[in-house]
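Asker: Fold the stuff below for me.
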Amino acid sequence: MATVVGLFTSPARKSGRSDTHERRRAIAGQGLEGCAHANPPRREVLFVSKEHLDSVSVEPGAVRENITVDGDDVQQWPIGQRVRAGGAEFEITMVCDPCHRMDELRDGLRAELDGKRGMLARVVESGEVAVGDAVELV
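Answerer: Okay, the predicted model is just below:
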């Protein structure tokens, strides 16, 4: 079973910072509460697989994802797939391609993350998400 192993928000655009949370409210049409990176309607929440982060030796939260998932390859989730994490439901909207900011973390990371950067989603049902919650395809 896939689980949430990390929850992160950024306090401001281009801050380069990810704040860690044990639980956070996902708000329909907005993203995770307090995250400045949300860009509704298609780019509200970024899901990333922990296995992909491990494969490029990057800690959860470093690539500015919102939800780190262990136990499933989020890159395999098709556009339109509904995903339940905790009390919230999301709809996958697009692939998140690595941008130049990844090379600011480490030279060459952008290329290393090709096909591993994660999937963007919108919040379709508000609810609380917590570290340890199950992640289920619905």
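
Asker: Kindly tell me how buried Pro98 is, as a neighbour count.
Answerer: Neighbour count for Pro98, taken as other Cβ atoms under 10 Å: 18. Bear in mind the C-beta positions are built from the backbone N, C-alpha and C, glycine included.

Asker: Wait, it touches Arg117, no?
Answerer: Yes. Between Pro98 and Arg117 there is a contact under Cβ atoms under 8 Å: 4.5 Å.

Asker: And Thr68, how close does it get to His100?
Answerer: To His100, Thr68 is 22 Å away according to Cβ to Cβ, to the nearest Å.

Asker: Of the two, give the one with the bigger neighbour count.
Answerer: Thr68 (25 against 7).

Asker: Kindly confirm my reading that that one is in a helix.
Answerer: No. Using DSSP: H, G, I helix; E, B strand; the rest coil, the secondary structure at Thr68 is strand, not a helix.

Asker: pretty sure Thr3 is touching Val135, no?
Answerer: Yes. Here Thr3 reaches Val135: they are 6.2 Å apart, a contact under Cβ under 8 Å.

Asker: what do those two both touch?
Answerer: Counting by Cβ atoms under 8 Å, 6 or more residues apart in numbering, the residues touching both Thr3 and Val135 are Val69, Gly71.
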